[in-house]
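# No sequence on hand, only this structure:
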């Protein structure tokens, strides 16, 4: 994976990790985390998202919120690719414990401008061991 | 145990159960639950408190809150007897899982006016099975 | 049948207020009575008149306020919980020497006794929280 | 060393704001710098000027306000989170046509970019929440 | 008369469902709402606990749909209700115990 | 450089401590604060998990005292720190990961 990033206004590129461990709708953390990620994308930092534990539920396909009277915000995840947020690490063990597979998740992609705008998947299902080393590698960790 | 109660202003006595399942200080629920119990005591209903799961931590002896800058509200539990709130059911299994015994809890008592003001313990350590039947017996259950 | 409803969390952060709202609408639609909706803990934050949620989102305090007007509901904010969290009506703000107030129409501020009284009067008391 | 502090829960209900406050005092006592305290989610409720806690309890919004004045701290309430929850300063209240406002001295309202900027500028970002 | 228990938190991260199931009487009912609905996903440890309970288990359909949990994923024996069904369950039992 | 993890919730009711311990690297540190401090009570399942972790484990003394958990109840190997110690730990590690 490429880590070439433009420098931000402060002339510094930090590795920002947004950790998502909570389910959507029961609490607002998932929605407001996504709002931070979308705003943060303008700062040209090296951004990753981690989906651990119940956080993986944020990415389920087919969310329909009409009956609970709350806006379905899951389509906003599809916009992440346009904002150059392309590294969504989803923990395999978390999926499995919850009876989910990658097929239950939305199909999120980004277009690689360095490679003839090839469409690439944004979701990277990783093992807990891989997640550990991704977490170790960060400069700033924001948890929701 | 005696269930003779005075009738309230509405001419009805209901069994009110306050369920405490949360630890003190990390959140305000324990403190604000106690405020309800103290106000509710004026209504002459048949009042019980249940301490289940982390709720048992509310009753630990020797709480000293100076360093965290939050008021120690545990002494207010000692006032419950004066308000005729005398049934505090504490679940034995919840204590054990948390490495606690009855000796780690405050010594809470009430004075039995029908028995020459004899001092009696308010805390009744009960098994999970007994807790189940206490819960089954209630008319109004308020959870905190 | 008479219902009392207790809401223990504020708007938006937890689903509790939304679920209580949907539940209350169903209680009324089925011909039952709501003797009171009591807002405790952070639940008092449902009674603010200063909320400005995004246009495409629900307006939780306004929705409660409108439901109360349509159905003559008694929506009570616990005074002790409200003072601690900065929810004051005009009268209370005056008494406390504050230059602003923030309780929306349709809610009233009162004591914890109103919660116990609701529990006594109602056939069922249902709590929504976290 | 430069610290950024993030507070994600409101006053009194969760300990997060208290812990952040004790942490902030220690950061300053040890001679470090606090580039910003950013209040997000229900954390924006720490910035209310209408709280009237019991006399024998701590006054969380006042304590933050005083700490900010003594140490020239930058306390920022996220505008999107604040609007949703009914936390408005005088300017924002005017813009929204509201007759009251409730932000205490020492806090300012600004955008989420201030959180990211703090994370970039600080050597350490520490989050307190639930 | 029996009691209706509600559980609103995910069983994968919180013990509320487990504690509730340990405290229900045989003729009680349990209704899963909000994030509690994740407890019904077939094949999980939570659904296994539910299937062993003598109590009747219900789940709020609106909360399932919101979370993208299709009905084909709901464990056998769990009944799906709407908010009207929630009201009926509350009316049918003598008290409601919310496992907050 | 390694990471400081903080856990602020009771391990008896929430999975945050367990999830944190499953994600720490060997040279990381874990600091238990607020209701997280219950994790150090000797003889409990939580303290057992802690003792198996390669990471250094710290607990905030003020939160222990507030909850009436005496130092004699603190599991072996856990170091007690105050808020100044919390700041030192944050300074010493390259980033802080709060398990909210």
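Received it, and whenever you're ready, just let me know what you need. Worth saying up front: this structure is predicted, and the values here are computed from it rather than measured.

# where along chain E do the helices fall?
Using DSSP state H, the helices of chain E run over residues E:16-23, E:45-52, E:61-66, E:83-92.

# show me the contacts for whichever residue of chain A sits closest to chain B.
Scanning chain A for the residue nearest chain B gives residue A:27, at 14.2 Å (criterion: CB to the nearest CB). Glycine gets a C-beta too; all of them are placed from N, C-alpha and C. Contact partners of residue A:27, counting by CB atoms under 8 Å, 6 or more residues apart in numbering or on different chains, are C:13-15, C:130, E:35.

# Apply 6 Å and report the result again.
When contacts are counted by CB atoms under 6 Å, 6 or more residues apart in numbering or on different chains, residue A:27 touches residue C:14.

# Over to residue C:9. Which of the three states is it?
Under DSSP: H, G, I helix; E, B strand; the rest coil, residue C:9 falls in the coil class.

# Apart from its chain neighbours, what residue comes closest to it?
Of all residues not flanking residue C:9 in the chain, residue C:16 sits nearest, at 4.0 Å (CB to CB, 6 or more residues apart in numbering or on different chains).

# ok, now how distant is the most centrally placed residue in chain E from chain F?
Central residue of chain E (CA atoms, centre = their mean): residue E:32, 2.9 Å from the mean position. To chain F, residue E:32 is 18 Å away according to CB to the nearest CB, to the nearest Å.

# related to what we said a few turns ago, list the contacts for the residue nearest to residue C:9?
C:9, C:128-129.

# neighbour-wise, which of these leads?
Most neighbours among those, by other CB atoms under 10 Å in any protein chain shown: residue C:128, with 29 neighbours.

# How about the contacts made by that residue?
Counted by CB under 6 Å, 6+ apart, residue C:128 has contacts C:7, C:16, C:19-20.

# cool, residue C:1 as well?
By CB under 6 Å, 6+ apart, the residues touching residue C:1 are C:32, C:123, E:91.

# Would you check that the second one makes contact with residue C:2?
Read it as residue C:123. Yes - applying CB atoms under 6 Å as the test, residue C:123 and residue C:2 come out as touching, 4.8 Å apart.

# before we move on, the earlier item: apart from its neighbours in sequence, what residue is nearest the residue nearest to the centre of chain E?
Distance criterion CB to CB, 6+ apart; nearest residue to residue E:32, sequence neighbours excluded, is residue E:59 at 4.6 Å.

# which residues in chain A form helices?
Per DSSP H, chain A carries helices over the ranges A:29-40, A:92-97, A:128-136.

# What residue in chain A is the furthest from its centre?
Taking CA atoms, centre = their mean, the residue of chain A most remote from its mean C-alpha position is residue A:67, at 26.3 Å.

# And the closest residue in space to it that isn't next to it in sequence, how close does it get to residue C:27?
Of all residues not flanking residue A:67 in the chain, residue E:62 sits nearest, at 3.0 Å (CB to CB, 6+ apart). Distance of residue E:62 to residue C:27, given as CB to CB, to the nearest Å: 16 Å.

# Kindly report the same for residue A:69.
Residue A:69 is 15 Å from residue C:27, by CB to CB.

# Give me the more crowded residue out of the two.
Ranked by neighbour count (other CB under 10 Å), residue A:69 and residue C:27 place residue C:27 first, with 25 against 17.

# now the strand or helix carrying the more buried one and helix E:83-92, what's the angle there?
Using DSSP states H and E, the secondary-structure element containing residue C:27 is helix C:16-29. Interaxial angle, helix C:16-29 versus helix E:83-92 (axes from the mean of the first three to the mean of the last three CA atoms, to 10 degrees): 80 degrees.

# Name the residues that touch the helix or strand just after helix C:16-29?
Scanning forward in sequence from helix C:16-29 by DSSP H and E, the next helix or strand is strand C:33-39. In this structure, residues lying in contact with strand C:33-39 by CB under 6 Å, 6+ apart are C:2-7, C:27, C:46, C:73-77, C:115, C:118, C:121-122.

# Kindly report the same for stretch C:42-62.
So stretch C:42-62 is contacted by A:69, A:71, C:7-11, C:17, C:39, C:64, C:77, C:81-82, C:85, C:87, C:102-104, C:107, D:13, D:83-84, D:86, D:88, D:96, D:98 (CB under 6 Å, 6+ apart).
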